[in-house]
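> let's see this in three dimensions:
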Amino acid sequence: MEQFLRDIPQVLGHPFIALIVITALLFDFVNGFHDAANSIAIIVGTRVMKPFAAVIWAAFWNFAAMWVFGFAVANTVAKWVHIDYVNPDVIFAGLIGAIIWNLITWWGGLPSSSSHALLGGICGAAIAYAGHFAGVLNNGSVIKTVEFIILAPLIGLILGHILMLLMLWACRRANPRAVERSSHYLQIATAAAYSLGHGTNDSQKTIGIISALLFTQIWKAEKPDIHAHEWIAVACFTVIGIGTMAGGWRIIRTMGMKIARLRAHSGAVASGAGALTLFLSTWLGIPVSTTHTITGAIMGVGSVQRVSAVRWGVGRNIVMAWVLTIPASAIMGAICVKIVPLLHH
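Purely as a prediction, here's the structure:
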């Protein structure tokens, strides 16, 4: 609290930077709002929980994630752009570009990636600001993020498929009704685990952006220490939880009901596979798409029943949204970085 009371006057002393921090928290809210479906679509689609209860459950675990994981993902995000191009105009323009794309895909009911919208927005703004590509991006941080566009859904799919086979084998002699009843409790637990992973991975993206801005522009720290300013984490985890409570109802139908028909036991496995993928990615310090992750897990579980049980056409439309996200948000970030200086100079 003492650090918070010292930091806030410093931030408020720079009105434009304070506006950017608020905008970053708005992105965090939209992220929770947009990605709420990732956490609750399965448990709602299988009718294990009613929507309101599921949203509260997910939001609680989003916030609880603050005490479970470190800040490796935040450190990766803070290093997407070379420090010479981390400035208020670039950060603000990148956030606006990402928010616009998130709202467009939310309106269309497409579960695109908030992570990659942020990556595209920030990188597009930085490149447009610099006027060239060379030396603008930290390739190591960017490349490992982009690699997981493919790896995250693939890992989710493989884990979903394997775990579903293991469950079917373990329950091969059990009464189907008893399995389904027990799976209700298992799904509640795996939904909590998935929300825990969602909360830590997605909140840390906003923590990374805010930290990069404040440490370079106000505190002038060569080695940023997020632990020394934990109010940033508290704010981001709180806001994403509130965003989750607001819900992303348009996307729930696509995620929970259109990709594959799930029951309580298969829904529990899909959430569990998604959670394990998020835990692994967070441990590696890689910001991943929770949307990619859960979609892969659902497809992996659905494919165990039979390949035709997965509505691959729906998956194709979702993949198209994924492919478009980085370039579309990068273009928006690039446009915004040309407009932003006119607003505050």
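> and residue 47, what helix or strand is that in?
Residue 47 belongs to no helix or strand when assigned by DSSP states H and E.
> need phi/psi at it.
With angles defined as degrees, to the nearest 10, residue 47 sits at phi 60, psi 30.
> now do it: how many residues are near it, please.
By other Cβ atoms under 10 Å, 12 other residues sit near residue 47. Backbone N, C-alpha and C define where each C-beta goes, glycine included.
> distance check, it against residue 328.
Per Cβ to Cβ, to the nearest Å, residue 47 is found 35 Å from residue 328.
> now residue 185
In terms of Cβ to Cβ, residue 185 sits 41 Å off from residue 328.
> any idea which element residue 172 lies in?
Applying DSSP H and E, one finds residue 172 in no helix or strand.
> could you list the low-pLDDT ranges of the chain?
Judged by pLDDT under 70, the chain has its weakly predicted residues at 1, 36-38, 109-111, 222-224, 247-261, 305-318, 321-322, 344-345.
> what's the residue closest to the geometric middle of it?
residue 202 (3.8 Å; Cα atoms, centre = their mean).
> for the closest residue to that one other than its chain neighbours, give me its contacts.
Spatial nearest neighbour of residue 202, chain neighbours left out: residue 31 (5.4 Å); criterion: Cβ to Cβ, 6 or more residues apart in numbering. Taking Cβ atoms under 8 Å, 6 or more residues apart in numbering, we find residue 31 in contact with 102, 114, 202, 205, 206, 240, 243.
> related to what we said a few turns ago, doesn't residue 290 make contact with the residue nearest to the centre of the chain?
Yes. The criterion here is Cβ atoms under 8 Å, and residue 202 meets it with residue 290 at 6.2 Å.
> mind giving me the packing neighbours of the helix or strand hosting residue 102?
Per DSSP H and E, residue 102 falls inside helix 88-107. Judged by 3 or more Cβ pairs under 8 Å, 6 or more residues apart in numbering; DSSP states H and E, the packing partners of helix 88-107 are helix 15-45, helix 114-130, helix 176-217, helix 249-253, helix 312-344.
> what angle separates it from helix 15-45?
Angle, helix 88-107 to helix 15-45, by axes from the mean of the first three to the mean of the last three Cα atoms, to 10 degrees: 20 degrees.
> buried set for helix 88-107?
Buried residues in helix 88-107, defined by neighbour count with 16 or more other Cβ atoms under 10 Å: 88-102, 104-106.
> residues touching residue 283, list them.
Residue 283 neighbours (Cβ under 8 Å, 6+ apart): 69, 72.
> ok, now how distant is the residue in the chain sticking out farthest from the centre from residue 179?
Distance from the centre of the chain peaks at residue 173, with 38.7 Å (Cα atoms, centre = their mean). Between residue 173 and residue 179 the computed distance is 10 Å (Cβ to Cβ).
> keeping just the C-alphas, turn stretch 202-218 into CSV.
Provided in CSV are the C-alpha atoms of stretch 202-218 (Å, rounded to 0.1, in the frame of the first residue of the first chain):
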residue,chain,number,x,y,z
ASP,A,202,-3.8,-12.9,-19.8
SER,A,203,-3.4,-10.6,-16.9
GLN,A,204,0.4,-10.7,-17.2
LYS,A,205,0.1,-9.3,-20.7
THR,A,206,-1.4,-6.1,-19.4
ILE,A,207,1.1,-6.1,-16.5
GLY,A,208,3.9,-6.3,-19.0
ILE,A,209,2.6,-3.4,-21.1
ILE,A,210,2.0,-1.1,-18.1
SER,A,211,5.4,-2.0,-16.5
ALA,A,212,7.3,-1.4,-19.7
LEU,A,213,5.7,2.1,-19.9
LEU,A,214,6.1,3.1,-16.3
PHE,A,215,9.6,1.7,-15.8
THR,A,216,11.0,3.4,-19.0
GLN,A,217,9.1,6.7,-18.8
ILE,A,218,8.8,7.5,-15.1
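> what about residue 108, neighbour count?
13.
> next, the contact list for the residue nearest to the centre of the chain, please.
Neighbour list for residue 202: 28, 31, 32, 35, 114, 115, 240, 290 [criterion: Cβ under 8 Å, 6+ apart].
> one more time with 10 Å, if that's ok
By Cβ atoms under 10 Å, 6 or more residues apart in numbering, residue 202 lies in contact with 28, 31-32, 34-35, 38-39, 62, 65, 73, 114-115, 118, 236-237, 240, 243-244, 278, 287-290.
> now residue 98
Taking Cβ under 10 Å, 6+ apart as the test, what residue 98 contacts is 24, 27, 30-31, 114-122, 124-125, 205, 209, 325, 329-330, 332-333, 336.
> if we use 7 Å, what do you get?
By Cβ atoms under 7 Å, 6 or more residues apart in numbering, the contact list for residue 98 reads 27, 117, 118, 121, 329.
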